[in-house]
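A.B. asks: Have a look at this fold, sequence not included:
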């Protein structure tokens, strides 16, 4: 059975190997603050979800990653659903995330009930889509 849990500092090296979008000092802080969930099966690392708070008020999923060998098995969905439940238990009624406009992830989030809230072009890159959901 797949286990989803809040990552601890013991997960640092595994997450650091897989999440190339965060500095090591920030990763340490996120782990210390309990802002990363991990998915495991019999101790094998399957994926992670890293979050923060938009405007310091709305839970914002910064990164959802599934180890390539385990993609397509519902692990991303399980991580998102667990995170949404955790946020609901903390009293939040909305969550947000973003993805590049040219990435397939937007379709995944829409299947989970997220809707487009807007988009912007950060530093002359591709459009970043902002998606949100009431939970």
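C.D. replies: Noted; the coordinates are in hand. This is a predicted model, so every value here is computed, not measured.

A.B. asks: so what strands line up beside the longest strand along the chain?
C.D. replies: In the chain, with assignment by DSSP state E, the single longest strand is strand 44-54. Applying DSSP bridges, strand 44-54 is found paired with strand 36-41 (antiparallel), strand 58-66 (antiparallel).

A.B. asks: Show me what counts as buried in the longest one.
C.D. replies: Pointing back at strand 58-66 there. Residues of strand 58-66 classed as buried: 59, 60, 61, 62, 63, 64, 65, 66 (neighbour count, 16 or more other CB atoms under 10 Å). All C-beta atoms are positioned from the backbone trio N, CA, C, and that covers glycine.

A.B. asks: For the third one, list the residues it contacts.
C.D. replies: By CB atoms under 8 Å, 6 or more residues apart in numbering, the contact set of residue 61 is 49, 50, 51, 80, 83, 95, 96, 97.

A.B. asks: Using JSON lines, lay out those together with neighbour count.
C.D. replies: Output for the contacts of residue 61, formatted as JSON lines (neighbours: other CB atoms under 10 Å):
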{"residue": "49", "neighbour count": "25"}
{"residue": "50", "neighbour count": "24"}
{"residue": "51", "neighbour count": "23"}
{"residue": "80", "neighbour count": "23"}
{"residue": "83", "neighbour count": "21"}
{"residue": "95", "neighbour count": "22"}
{"residue": "96", "neighbour count": "18"}
{"residue": "97", "neighbour count": "26"}
